[in-house]
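S.K.: structure for the following, please:
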Amino acid sequence: MSDQNRPSAAAFLSAARAVLDQVAASQEHTVQTAADLIAKSIRAGGVVQAFGTGHSECLAMEIAGRAGGLVPTNKIAIRDVVTLGDASRDVLFDPFLERDPAIAHRLYDLAAPRPEDVFVIASNSGVNGCVVEMAQLVTRHGHKLVAVTSSKHTAQSASRHPSGLRLIDFADVVLDNGAPHGDALLPLPSGGGKVCAISSISAALLAQMVVAEVVRRLEEAGEQAPVYLSANVTGGDDHNQRLEARYAGRLRRCV
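M.R.: The predicted model follows:
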């Protein structure tokens, strides 16, 4: 294998740029549609409920409670069944917990969403039982759903949900993160797989593109967008607490 085809920082940067450029170009319409749904929810007093398991939790962290992001946001995580519920911490040692559809019901109940809330659910494969069950619950309760997934991966993966359905089957809009099947971009010289995943990076790009469009919609309508300042700048805490007070009792800032 030539040096130019071996894994390296430069090779990953080049491959990642190609994916990000493709995502930015191909997802322009879906980003606008997702922004419409979220802006409508916020105007109605709703909260963005973001959920992902495994490394897809990064997408929820990108949306909920970060500097420069929207205030009316919550991150739902599998560990909520312990930190917010009454489950034993031992359940978190189950490596296949994200495949259990039953866990979604407990997470939905703990989130206690209101009808006007919109959900953003991320899963690179879009086939694990917990994620698919959550998507089904969300739509059954009348919430709008934005899915962030890899169209290539989900198309080549069998559903692990009893229904045989995938995350994309319940979504009002699907944002394709552009990741290949298996997520990683660079082939290993020794064979047997690839290295350097891209889905967390491309999903973060999509999340911030959507946030930018939501804020644009609100500001162009003469509404002040509820956006966080960094807690590490002067006045940040006071600014954030004033905005959070509008959603008293509805926002969780758990680890």
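
S.K.: how about the nearest residue to P226 once chain neighbours are set aside, phi and psi?
M.R.: Distances taken as CB to CB, 6 or more residues apart in numbering put V71 closest to P226, at 4.0 Å, once the chain neighbours are dropped. Quick note: C-beta positions are derived from backbone N, CA and C, even for glycine. For V71, the backbone dihedrals (degrees, to the nearest 10) come out as phi -70, psi -50.

S.K.: which positions in stretch 218-235 come out as buried?
M.R.: For stretch 218-235, the neighbour count (16 or more other CB atoms under 10 Å) marks 218, 225-229 as buried.

S.K.: among those, which one lies nearest to S157?
M.R.: Y228 (35.3 Å; CB to CB).

S.K.: re the thing from before, which two in the buried residues of stretch 218-235 are spaced the farthest apart?
M.R.: The distance between the two most remote of the buried residues of stretch 218-235 (CB to CB) is 16.5 Å, for L218 and L229.

S.K.: where along the protein do the helices fall?
M.R.: 9-26, 28-43, 57-63, 80-83, 102-111, 129-140, 151-155, 199-220, 236-244 (DSSP state H).

S.K.: output those as CSV; include the columns mean pLDDT and distance to L92.
M.R.: Below are the helices of the chain laid out as CSV (pLDDT from 0 to 100; distance: least, CB to CB, whole Å):
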stretch, mean pLDDT, distance to L92
helix 9-26, 97, 31
helix 28-43, 98, 30
helix 57-63, 95, 13
helix 80-83, 93, 6
helix 102-111, 95, 11
helix 129-140, 97, 13
helix 151-155, 95, 25
helix 199-220, 98, 21
helix 236-244, 96, 28
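
S.K.: now render the ones you listed as TSV, adding distance to F96.
M.R.: Output for the helices of the chain, formatted as TSV (distance: least, CB to CB, whole Å):
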stretch	distance to F96
helix 9-26	29
helix 28-43	30
helix 57-63	16
helix 80-83	15
helix 102-111	11
helix 129-140	9
helix 151-155	18
helix 199-220	20
helix 236-244	36
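
S.K.: so which of those helices is nearest L188?
M.R.: helix 9-26 (12.0 Å).

S.K.: buried set for the closest one?
M.R.: Buried, per 16+ other CB under 10 Å, within helix 9-26: 11-12, 15-16, 19-20, 23.

S.K.: how far off helix 199-220 does that helix point, in degrees?
M.R.: Computed by axes from the mean of the first three to the mean of the last three CA atoms, to 10 degrees, the angle separating helix 9-26 from helix 199-220 equals 40 degrees.

S.K.: returning to that earlier point: for H181, which of the helices of the chain is the nearest?
M.R.: That would be helix 151-155 among these, by CB to CB, at 4.8 Å.

S.K.: quick one: contacts of the closest one?
M.R.: With contact meaning CB atoms under 8 Å, 6 or more residues apart in numbering, helix 151-155 is reached by 124-127, 166-168, 174, 176, 179-183.

S.K.: rewinding a little: tell me which of the buried residues of stretch 218-235 is nearest to R6?
M.R.: For these, the residue nearest R6 by CB to CB is Y228; the value is 41.3 Å.

S.K.: angles on the backbone of that closest one, please.
M.R.: Backbone geometry at Y228, expressed as degrees, to the nearest 10, gives phi -70, psi 140.

S.K.: what average pLDDT does stretch 183-195 get?
M.R.: Stretch 183-195 carries an average pLDDT of 91.

S.K.: ends of that stretch, how far apart?
M.R.: 9 Å (CA to CA, to the nearest Å).

S.K.: roughly how far out does that stretch sit from the chain middle?
M.R.: Stretch 183-195 has its C-alpha centroid displaced from the chain centroid by 25 Å (CA atoms, centre = their mean, to the nearest Å).

S.K.: also stretch 58-65?
M.R.: 7 Å.

S.K.: now do stretch 123-133
M.R.: Centroid separation for stretch 123-133 versus its chain: 12 Å, with CA atoms, centre = their mean.
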